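**Student:** sequence below, structure please.
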Amino acid sequence: MNEFYRTAQGMKVSSVGIGTYLGPMDDATDESYRESILAALRGGINVIDTSLNYRQQRSERAIGQALREWTGKRDEIVVCTKAGYLVPGAMPELNSADIAGGMHSMAPEFLDDQLMRSTANLTLDTIDVFYLHNPDTQWGHIDEDEFYDRIRRAFEFCERAVAGKRIRFYGVATWQGLRQGPDSISIRKLESIAQSVAGSGHKFRFVQLPFNLAMVEGLSKSVEEHRNVISIAVDLGLTVVASASLMQARLARNLPQHLAQTLGGKTDAQRAIQFARSAPGITTALVGMSRPRHVAENLELTEMAPVPESEFHKLFR
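**Tutor:** Residues are numbered from 1 along each chain as shown. Okay, the predicted model is just below:
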(Lines give C-alpha, C1' and ligand atoms only; values in the text may rest on other atoms or scores of the structure.)
Protein backbone atom coordinates (compact mmCIF):
# COMPACT_ATOMS: atom_id res chain seq x y z
CA MET A 1 0.00 0.00 0.00
CA ASN A 2 2.69 2.51 -0.98
CA GLU A 3 4.22 2.96 2.48
CA PHE A 4 0.83 3.67 3.99
CA TYR A 5 1.93 1.82 7.14
CA ARG A 6 4.80 2.55 9.51
CA THR A 7 6.19 0.83 12.59
CA ALA A 8 5.76 2.56 15.95
CA GLN A 9 6.98 0.99 19.18
CA GLY A 10 6.68 -2.47 17.62
CA MET A 11 3.16 -1.81 16.33
CA LYS A 12 2.06 -1.56 12.71
CA VAL A 13 0.26 1.78 12.36
CA SER A 14 -1.40 3.54 9.46
CA SER A 15 0.04 6.89 8.40
CA VAL A 16 -3.48 8.33 8.55
CA GLY A 17 -5.56 7.96 11.71
CA ILE A 18 -9.22 8.68 12.37
CA GLY A 19 -9.98 11.44 14.87
CA THR A 20 -13.27 11.84 16.73
CA TYR A 21 -13.15 15.34 18.22
CA LEU A 22 -15.88 17.35 16.53
CA GLY A 23 -19.62 17.01 16.13
CA PRO A 24 -22.87 17.65 17.96
CA MET A 25 -23.78 15.50 20.93
CA ASP A 26 -26.68 13.64 19.36
CA ASP A 27 -27.61 10.14 18.24
CA ALA A 28 -27.22 10.92 14.53
CA THR A 29 -23.59 11.93 15.02
CA ASP A 30 -22.95 8.86 17.17
CA GLU A 31 -24.25 6.66 14.37
CA SER A 32 -22.25 8.50 11.73
CA TYR A 33 -19.06 8.05 13.77
CA ARG A 34 -19.83 4.35 14.25
CA GLU A 35 -20.20 3.89 10.49
CA SER A 36 -17.08 5.96 9.79
CA ILE A 37 -14.93 3.99 12.21
CA LEU A 38 -16.03 0.69 10.72
CA ALA A 39 -15.39 1.99 7.19
CA ALA A 40 -11.95 3.23 8.23
CA LEU A 41 -10.98 -0.08 9.84
CA ARG A 42 -12.23 -2.10 6.89
CA GLY A 43 -10.35 0.19 4.50
CA GLY A 44 -7.01 -0.11 6.26
CA ILE A 45 -6.86 2.81 8.70
CA ASN A 46 -5.98 1.19 12.02
CA VAL A 47 -5.26 4.16 14.33
CA ILE A 48 -8.25 5.53 16.25
CA ASP A 49 -7.82 8.68 18.34
CA THR A 50 -10.29 9.95 20.91
CA SER A 51 -10.61 11.39 24.43
CA LEU A 52 -13.01 11.00 27.32
CA ASN A 53 -14.04 14.63 26.92
CA TYR A 54 -14.71 14.46 23.16
CA ARG A 55 -18.43 15.09 22.86
CA GLN A 56 -18.62 14.36 26.61
CA GLN A 57 -17.84 10.63 26.30
CA ARG A 58 -20.07 10.06 23.27
CA SER A 59 -17.14 9.68 20.87
CA GLU A 60 -15.59 6.95 23.01
CA ARG A 61 -18.92 5.17 23.22
CA ALA A 62 -19.44 5.35 19.45
CA ILE A 63 -16.00 3.79 19.02
CA GLY A 64 -16.90 1.11 21.54
CA GLN A 65 -20.02 0.25 19.55
CA ALA A 66 -18.01 0.04 16.33
CA LEU A 67 -15.39 -2.18 17.95
CA ARG A 68 -18.10 -4.57 19.16
CA GLU A 69 -19.20 -4.97 15.53
CA TRP A 70 -15.76 -5.16 13.96
CA THR A 71 -14.65 -8.71 13.14
CA GLY A 72 -10.88 -8.14 12.92
CA LYS A 73 -8.23 -9.01 15.47
CA ARG A 74 -7.60 -6.78 18.48
CA ASP A 75 -3.87 -6.51 17.79
CA GLU A 76 -4.56 -5.15 14.30
CA ILE A 77 -5.77 -1.80 15.66
CA VAL A 78 -4.25 0.95 17.79
CA VAL A 79 -6.74 2.72 20.04
CA CYS A 80 -5.64 5.96 21.73
CA THR A 81 -7.49 8.06 24.27
CA LYS A 82 -6.72 10.94 26.63
CA ALA A 83 -7.48 12.28 30.08
CA GLY A 84 -6.95 15.65 31.69
CA TYR A 85 -9.99 17.84 31.21
CA LEU A 86 -12.83 17.69 33.70
CA VAL A 87 -15.88 16.12 32.07
CA PRO A 88 -19.39 16.83 33.40
CA GLY A 89 -20.83 13.73 35.01
CA ALA A 90 -17.50 11.88 34.87
CA MET A 91 -15.47 13.23 37.75
CA PRO A 92 -14.21 11.73 41.00
CA GLU A 93 -13.92 13.92 44.08
CA LEU A 94 -10.68 15.87 43.87
CA ASN A 95 -8.69 18.16 46.10
CA SER A 96 -9.11 21.66 44.66
CA ALA A 97 -5.32 22.02 44.71
CA ASP A 98 -5.11 19.30 42.06
CA ILE A 99 -7.31 21.23 39.63
CA ALA A 100 -5.78 23.93 37.44
CA GLY A 101 -7.81 26.73 35.94
CA GLY A 102 -11.01 25.10 37.11
CA MET A 103 -10.84 22.64 34.20
CA HIS A 104 -7.81 20.34 34.26
CA SER A 105 -6.15 17.74 36.46
CA MET A 106 -3.25 15.31 36.24
CA ALA A 107 -3.72 13.87 39.73
CA PRO A 108 -3.15 10.10 39.79
CA GLU A 109 -6.56 9.38 41.35
CA PHE A 110 -8.21 11.45 38.62
CA LEU A 111 -6.32 9.65 35.85
CA ASP A 112 -7.20 6.31 37.42
CA ASP A 113 -10.90 7.19 37.36
CA GLN A 114 -10.79 8.53 33.81
CA LEU A 115 -8.94 5.48 32.49
CA MET A 116 -11.53 3.21 34.09
CA ARG A 117 -14.31 5.15 32.35
CA SER A 118 -12.51 5.11 29.00
CA THR A 119 -11.92 1.36 29.01
CA ALA A 120 -15.61 0.83 29.79
CA ASN A 121 -16.73 3.24 27.05
CA LEU A 122 -14.39 1.67 24.49
CA THR A 123 -15.23 -1.90 25.60
CA LEU A 124 -11.52 -2.70 25.83
CA ASP A 125 -9.38 -4.24 28.55
CA THR A 126 -6.25 -2.39 27.43
CA ILE A 127 -5.76 1.02 25.82
CA ASP A 128 -2.86 1.09 23.36
CA VAL A 129 -1.88 4.73 23.99
CA PHE A 130 -3.08 6.79 26.95
CA TYR A 131 -2.25 10.50 26.64
CA LEU A 132 -2.15 13.25 29.22
CA HIS A 133 -4.48 15.64 27.45
CA ASN A 134 -3.04 19.11 26.95
CA PRO A 135 -0.95 19.27 30.13
CA ASP A 136 0.04 22.71 28.85
CA THR A 137 -3.37 23.83 30.16
CA GLN A 138 -1.71 23.92 33.59
CA TRP A 139 1.47 25.66 32.41
CA GLY A 140 0.28 29.19 33.21
CA HIS A 141 -1.49 28.31 36.45
CA ILE A 142 1.32 26.76 38.51
CA ASP A 143 5.06 27.29 38.68
CA GLU A 144 7.46 25.21 36.61
CA ASP A 145 8.72 23.01 39.45
CA GLU A 146 5.17 22.14 40.48
CA PHE A 147 4.24 21.45 36.86
CA TYR A 148 7.02 18.91 36.38
CA ASP A 149 6.26 17.35 39.78
CA ARG A 150 2.68 16.79 38.64
CA ILE A 151 4.00 15.26 35.44
CA ARG A 152 6.17 12.92 37.51
CA ARG A 153 3.23 11.74 39.60
CA ALA A 154 1.13 11.26 36.45
CA PHE A 155 3.92 9.24 34.83
CA GLU A 156 4.22 7.09 37.97
CA PHE A 157 0.51 6.32 37.65
CA CYS A 158 0.87 5.51 33.95
CA GLU A 159 3.73 3.09 34.63
CA ARG A 160 1.54 1.34 37.22
CA ALA A 161 -1.23 1.16 34.63
CA VAL A 162 1.21 -0.40 32.16
CA ALA A 163 2.23 -2.98 34.77
CA GLY A 164 -1.45 -3.75 35.34
CA LYS A 165 -1.98 -4.19 31.57
CA ARG A 166 -4.51 -1.35 31.53
CA ILE A 167 -2.45 0.53 28.94
CA ARG A 168 0.45 -0.38 26.63
CA PHE A 169 2.08 3.05 26.21
CA TYR A 170 1.48 6.59 27.37
CA GLY A 171 2.33 10.05 26.14
CA VAL A 172 1.38 13.71 26.02
CA ALA A 173 -1.09 15.22 23.59
CA THR A 174 -0.48 18.96 23.41
CA TRP A 175 -1.69 22.03 21.58
CA GLN A 176 0.59 24.97 22.34
CA GLY A 177 2.91 23.39 24.87
CA LEU A 178 5.65 21.79 22.78
CA ARG A 179 5.90 24.01 19.71
CA GLN A 180 6.34 27.57 20.96
CA GLY A 181 10.11 27.87 20.99
CA PRO A 182 12.50 27.99 23.97
CA ASP A 183 9.67 28.75 26.43
CA SER A 184 7.90 25.49 25.55
CA ILE A 185 7.50 22.48 27.80
CA SER A 186 10.74 20.53 27.45
CA ILE A 187 10.23 17.21 25.65
CA ARG A 188 13.71 16.26 26.80
CA LYS A 189 12.75 16.90 30.43
CA LEU A 190 9.56 14.86 30.06
CA GLU A 191 11.56 11.91 28.76
CA SER A 192 14.10 12.36 31.57
CA ILE A 193 11.28 12.20 34.13
CA ALA A 194 10.05 8.97 32.54
CA GLN A 195 13.60 7.60 32.76
CA SER A 196 13.79 8.51 36.44
CA VAL A 197 10.43 6.82 37.10
CA ALA A 198 10.94 3.58 35.18
CA GLY A 199 14.42 3.50 33.66
CA SER A 200 15.18 3.05 30.00
CA GLY A 201 12.27 0.64 29.65
CA HIS A 202 9.71 3.34 30.41
CA LYS A 203 6.57 3.42 28.27
CA PHE A 204 6.40 7.16 27.71
CA ARG A 205 6.67 6.76 23.95
CA PHE A 206 4.12 8.99 22.22
CA VAL A 207 3.86 12.71 21.56
CA GLN A 208 0.94 14.38 19.80
CA LEU A 209 1.00 17.97 18.55
CA PRO A 210 -0.69 19.94 15.76
CA PHE A 211 1.10 19.91 12.43
CA ASN A 212 -0.40 21.02 9.13
CA LEU A 213 0.10 23.39 6.23
CA ALA A 214 -0.74 26.36 8.46
CA MET A 215 0.90 25.18 11.70
CA VAL A 216 4.44 24.02 10.96
CA GLU A 217 6.14 25.05 14.21
CA GLY A 218 6.94 21.44 15.08
CA LEU A 219 9.54 21.52 12.32
CA SER A 220 10.13 25.23 11.78
CA LYS A 221 10.69 26.55 15.31
CA SER A 222 13.79 25.84 17.37
CA VAL A 223 13.19 24.85 20.97
CA GLU A 224 16.84 24.28 21.86
CA GLU A 225 20.18 24.72 20.08
CA HIS A 226 18.61 25.11 16.64
CA ARG A 227 16.66 21.87 17.07
CA ASN A 228 12.92 21.51 16.56
CA VAL A 229 10.72 19.47 18.86
CA ILE A 230 9.91 16.75 16.31
CA SER A 231 13.56 15.92 15.62
CA ILE A 232 14.35 15.88 19.35
CA ALA A 233 11.41 13.58 20.05
CA VAL A 234 12.51 11.17 17.33
CA ASP A 235 16.07 11.15 18.71
CA LEU A 236 14.64 10.24 22.12
CA GLY A 237 12.82 7.24 20.63
CA LEU A 238 9.37 8.83 20.81
CA THR A 239 6.65 8.38 18.21
CA VAL A 240 5.24 11.70 16.94
CA VAL A 241 1.60 11.94 15.90
CA ALA A 242 0.22 14.99 14.09
CA SER A 243 -3.17 16.33 15.12
CA ALA A 244 -5.31 18.87 13.24
CA SER A 245 -4.04 17.76 9.83
CA LEU A 246 -6.96 19.59 8.20
CA MET A 247 -7.09 22.34 10.83
CA GLN A 248 -10.73 21.49 11.53
CA ALA A 249 -11.58 21.40 7.78
CA ARG A 250 -10.14 24.85 7.05
CA LEU A 251 -7.41 23.26 4.91
CA ALA A 252 -9.84 21.06 3.00
CA ARG A 253 -10.53 23.72 0.38
CA ASN A 254 -9.01 26.71 -1.44
CA LEU A 255 -5.37 25.61 -1.21
CA PRO A 256 -2.87 27.25 -3.59
CA GLN A 257 -2.89 25.42 -6.90
CA HIS A 258 0.87 24.90 -6.98
CA LEU A 259 0.63 22.46 -4.05
CA ALA A 260 -1.08 19.91 -6.28
CA GLN A 261 2.05 19.35 -8.30
CA THR A 262 4.12 18.25 -5.31
CA LEU A 263 1.48 16.74 -3.05
CA GLY A 264 -0.70 15.07 -5.69
CA GLY A 265 -4.19 13.93 -4.76
CA LYS A 266 -7.56 14.72 -6.25
CA THR A 267 -8.80 17.08 -3.53
CA ASP A 268 -7.39 19.77 -1.27
CA ALA A 269 -8.21 17.61 1.76
CA GLN A 270 -6.07 14.79 0.39
CA ARG A 271 -3.22 17.22 -0.28
CA ALA A 272 -3.33 18.66 3.23
CA ILE A 273 -3.28 15.18 4.75
CA GLN A 274 -0.48 14.17 2.39
CA PHE A 275 1.57 17.12 3.64
CA ALA A 276 1.19 16.10 7.29
CA ARG A 277 1.81 12.37 6.78
CA SER A 278 4.89 13.07 4.64
CA ALA A 279 6.61 15.33 7.18
CA PRO A 280 9.93 13.86 8.42
CA GLY A 281 9.43 12.47 11.91
CA ILE A 282 5.63 12.28 11.73
CA THR A 283 4.37 8.70 12.02
CA THR A 284 0.60 9.22 11.80
CA ALA A 285 -1.49 12.21 10.74
CA LEU A 286 -4.86 12.39 12.48
CA VAL A 287 -7.91 13.50 10.54
CA GLY A 288 -11.39 14.02 11.92
CA MET A 289 -13.77 11.76 10.02
CA SER A 290 -17.33 11.83 11.26
CA ARG A 291 -18.88 10.82 7.92
CA PRO A 292 -18.27 7.70 5.82
CA ARG A 293 -17.86 9.77 2.65
CA HIS A 294 -14.89 11.56 4.23
CA VAL A 295 -13.40 8.18 5.10
CA ALA A 296 -13.80 7.02 1.49
CA GLU A 297 -12.04 10.15 0.20
CA ASN A 298 -9.18 9.82 2.69
CA LEU A 299 -8.71 6.12 2.04
CA GLU A 300 -7.53 6.99 -1.46
CA LEU A 301 -4.26 7.94 0.23
CA THR A 302 -3.58 4.24 0.75
CA GLU A 303 -2.60 4.18 -2.93
CA MET A 304 -0.38 7.26 -2.73
CA ALA A 305 3.25 7.17 -1.64
CA PRO A 306 4.31 9.89 0.80
CA VAL A 307 6.16 12.85 -0.66
CA PRO A 308 9.92 12.04 -0.78
CA GLU A 309 11.82 13.87 1.95
CA SER A 310 13.88 15.88 -0.54
CA GLU A 311 10.72 17.14 -2.24
CA PHE A 312 9.03 17.79 1.09
CA HIS A 313 11.88 20.04 2.23
CA LYS A 314 11.60 22.09 -0.96
CA LEU A 315 7.91 22.55 -0.31
CA PHE A 316 8.48 23.25 3.37
CA ARG A 317 10.93 26.03 2.63
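**Student:** residues near the nearest residue to residue 25 once chain neighbours are set aside, how many?
**Tutor:** Nearest residue to residue 25, sequence neighbours excluded (C-beta to C-beta, 6 or more residues apart in numbering): residue 55, at 5.0 Å. For the C-beta atoms, the positions are set from N, CA and C on the backbone; glycine is no exception. If you count neighbours by other C-beta atoms under 10 Å, residue 55 ends up with 22.
**Student:** does residue 55 touch residue 19 like I think?
**Tutor:** No. Counting by C-beta atoms under 8 Å, residue 19 is not a contact partner of residue 55; they are 11.9 Å apart.
**Student:** how about low-confidence regions in this protein?
**Tutor:** 1-2, 316-317 (pLDDT under 70).
**Student:** so which residues of it form helices?
**Tutor:** In the chain, the helices defined using DSSP state H lie at 27-43, 58-69, 108-122, 144-163, 187-198, 217-220, 229-235, 259-263, 268-278, 292-299, 309-316.
**Student:** could you identify which of these is most buried?
**Tutor:** helix 268-278 (a mean of 24; mean count of other C-beta atoms under 10 Å).
**Student:** for that helix, what is the distance to the chain centroid?
**Tutor:** Centroid separation for helix 268-278 versus its chain: 17 Å, with C-alpha atoms, centre = their mean, to the nearest Å.
**Student:** got the angle for it vs helix 292-299?
**Tutor:** 50 degrees (axes from the mean of the first three to the mean of the last three C-alpha atoms, to 10 degrees).
**Student:** please enumerate residues in contact with helix 268-278?
**Tutor:** By C-beta atoms under 8 Å, 6 or more residues apart in numbering, the residues outside helix 268-278 that reach it are 15-16, 211-213, 242, 245-247, 251-255, 259-260, 263-265, 282, 284-285, 287, 294, 297-298, 300-301, 304, 306-307, 312, 315.
**Student:** now, of those residues, which are buried?
**Tutor:** Buried members of the contacts of helix 268-278, counted by 16 or more other C-beta atoms under 10 Å: 15-16, 211-213, 242, 245-247, 251-252, 255, 259, 263, 265, 282, 284-285, 287, 294, 297-298, 301, 304, 306-307, 312.
**Student:** quick check: bridge partners of the most centrally placed residue in the chain?
**Tutor:** Per C-alpha atoms, centre = their mean, the C-alpha nearest to the average position across the chain is that of residue 208, at 4.5 Å. Residue 208 has these beta-bridge partners by DSSP bridges: residue 173, residue 241.
**Student:** wouldn't it be in contact with residue 175 here?
**Tutor:** No. With contact defined as C-beta under 8 Å, residue 208 does not count as touching residue 175 (9.4 Å).
**Student:** list residues touching both of the two?
**Tutor:** By C-beta under 8 Å, 6+ apart, no residue touches both residue 208 and residue 175.
**Student:** for residue 39, see how far away residue 27 is.
**Tutor:** From residue 27 across to residue 39, the span is 19 Å (C-beta to C-beta, to the nearest Å).
**Student:** follow-up on the earlier one: contacts only, for the residue nearest to residue 25.
**Tutor:** Per C-beta under 8 Å, 6+ apart, neighbours of residue 55: 20, 23-25, 29.
**Student:** just give me the closest of those to residue 50.
**Tutor:** residue 20 (4.5 Å; C-beta to C-beta).
**Student:** let me know whether residue 197 touches residue 159 as I believe.
**Tutor:** Yes. Using C-beta under 8 Å, residue 197 is in contact with residue 159, at 5.7 Å.
**Student:** most surrounded residue in the contacts of residue 55?
**Tutor:** That'd be residue 20 among these, by other C-beta under 10 Å, with 25 neighbours.
**Student:** that residue touches residue 34, doesn't it?
**Tutor:** No. When contacts are counted by C-beta under 8 Å, residue 20 is not listed as touching residue 34 (10.5 Å).
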